[in-house]
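1. Quick one, structure for this:
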Amino acid sequence: MKPHVHLLGLLQLAWGGMGLLLAASLLLLAGGAAAIARTAGGEGFTATFTALLFVVFAAALALGGWANAWAGRAIRHQRAAGRTGALALSVVNLFILPFGTALAIYTFWVLLHNEARALFIDHGSRAQ
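-> I've put the predicted structure just below:
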């Protein structure tokens with residue numbers, strides 16, 4: 001089960017990286033929409049609204065990308081918080097078709113397996 005945990009960590013890191021790249025591209029599009037709004041004179045409301053929407057969606061993608069990357073890194077280091085975080089993020093990822101759904105199902109399969117649970121015992125509780 002350990003190879004699956006390692007692969008899951010890599011997949012979470014890749015998914016998070018894609019989210020961060022998409023956020024950066026949306027910020028570039030927001031800059032373009034803001035430039036159009038600035039040059040449109042009094043008719044720039046739609047471009048301004050579009051730029052604001054791009055910024056909001058970029059922030060959401062950046063937050064999700066960062067969270068998935070963090071979870072992937074924590075899974076690779078076998079931290080209990082990473083397991084919990086990845087399971088929580090998988091609920092959201094279920095609705096992102098098709099890759100998020102596949103990643104979520106794989107996450108549930110790997111992290112809910114009893115052998116994988118044993119890998120994520122909190123290091124502080126081992127000493128007690």
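2. by contact count, what packs against the longest helix along the chain?
-> For the chain, the longest helix by residue count, based on DSSP state H, is helix 2-39. Using 3 or more Cβ pairs under 8 Å, 6 or more residues apart in numbering; DSSP states H and E as the contact definition, the elements that helix 2-39 packs against are helix 45-76, helix 80-93, helix 99-111, helix 114-119. No exception for glycine: its C-beta is placed from N, CA and C like everyone else's.
3. Distance from the chain centre to that helix, please.
-> Counting by Cα atoms, centre = their mean, to the nearest Å, helix 2-39 is centred 9 Å from the centre of its parent chain.
4. which intervals of the protein have sub-threshold pLDDT?
-> Along the chain, segments meeting pLDDT under 70 span 122-128.
5. quick one: contacts of stretch 94-102?
-> Counting by Cβ atoms under 8 Å, 6 or more residues apart in numbering, the neighbours of stretch 94-102 from elsewhere in the structure are 15, 92, 93, 104, 105.
6. these two touch, right, residue 13 and residue 72?
-> Yes - taking Cβ atoms under 8 Å as the definition, residue 13 is a contact partner of residue 72 at 3.6 Å.
7. Give me the more crowded residue out of these two.
-> residue 72 (24 against 18; other Cβ atoms under 10 Å).
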